[in-house]
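Novice: Pasting the sequence and the predicted model now:
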Amino acid sequence: MKLSELRAFLAAARPDETHLVLSATASARTLDREATAFGAVGIARIVLTTLDEAATFGTLNSLVERLGK
């Protein structure tokens with residue numbers, strides 16, 4: 001329900017781009033789940049936060065490659 005509300009909001013706002021902001025400290029499972037769920041609203045780019053707190057970047061590289069963003 002919330003995603004359909006978000007889709008309606010974005011359709012009304014007509015943004016030039018829609019960015020998905022993800023924390024680099026999140027688990028691979030969480031990142032995949034969020035990317036899949038919010039991908040339905042038409043994500044143009046991914047912004048990764050808290051890179052200074054991440055132990056490794058392998059999960060992030062895999063996610064970015066898989067999504068092609």
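Specialist: Nice, I can see it.

Novice: Check which helix or strand A55 maps to.
Specialist: For A55, there is no enclosing helix or strand under DSSP states H and E.

Novice: Could you count how many residues lie near it?
Specialist: Neighbour count of A55, defined by other C-beta atoms under 10 Å: 8. The C-beta positions use only the backbone N, C-alpha and C, and glycine is treated the same way.

Novice: One more: E34?
Specialist: Number of residues near E34 (other C-beta under 10 Å) recorded here: 16.

Novice: for it, helix, strand, or coil?
Specialist: Recorded secondary structure, E34: helix (DSSP: H, G, I helix; E, B strand; the rest coil).

Novice: for the closest residue to it other than its chain neighbours, phi and psi?
Specialist: The shortest distance from E34 to any non-neighbouring residue, by C-beta to C-beta, 6 or more residues apart in numbering, is to L22 (6.2 Å). Main-chain torsions, L22, degrees, to the nearest 10: phi -130, psi 150.

Novice: do L48 as well
Specialist: Dihedral pair for L48: phi -100, psi 130, per degrees, to the nearest 10.

Novice: what number of residues lie near the residue nearest to it when sequence neighbours are not counted?
Specialist: Spatial nearest neighbour of L48, excluding adjacent residues (C-beta to C-beta, 6+ apart): A24 at 5.0 Å. By the criterion of other C-beta under 10 Å, A24 has 17 neighbours.

Novice: Mind pulling up the pLDDT for A24?
Specialist: pLDDT recorded at A24 is 91.

Novice: ok, now S62?
Specialist: Reported pLDDT for S62: 88.

Novice: quick one, what contacts it?
Specialist: Shown in contact with S62 (C-beta atoms under 8 Å, 6 or more residues apart in numbering): A28.

Novice: what's the answer for G39, then?
Specialist: Going by C-beta under 8 Å, 6+ apart, G39 touches 20, 67.

Novice: now the one 3 residues further on
Specialist: The contact partners of G42, taken as C-beta under 8 Å, 6+ apart, are 10, 18.

Novice: do L51 as well
Specialist: Contacts of L51 by C-beta under 8 Å, 6+ apart are 24, 57.

Novice: that older thread, touching, the residue nearest to E34 and R33? I think so.
Specialist: No. With contact defined as C-beta atoms under 8 Å, L22 does not reach R33; the gap is 10.7 Å.

Novice: Many thanks, I have nothing further to ask.
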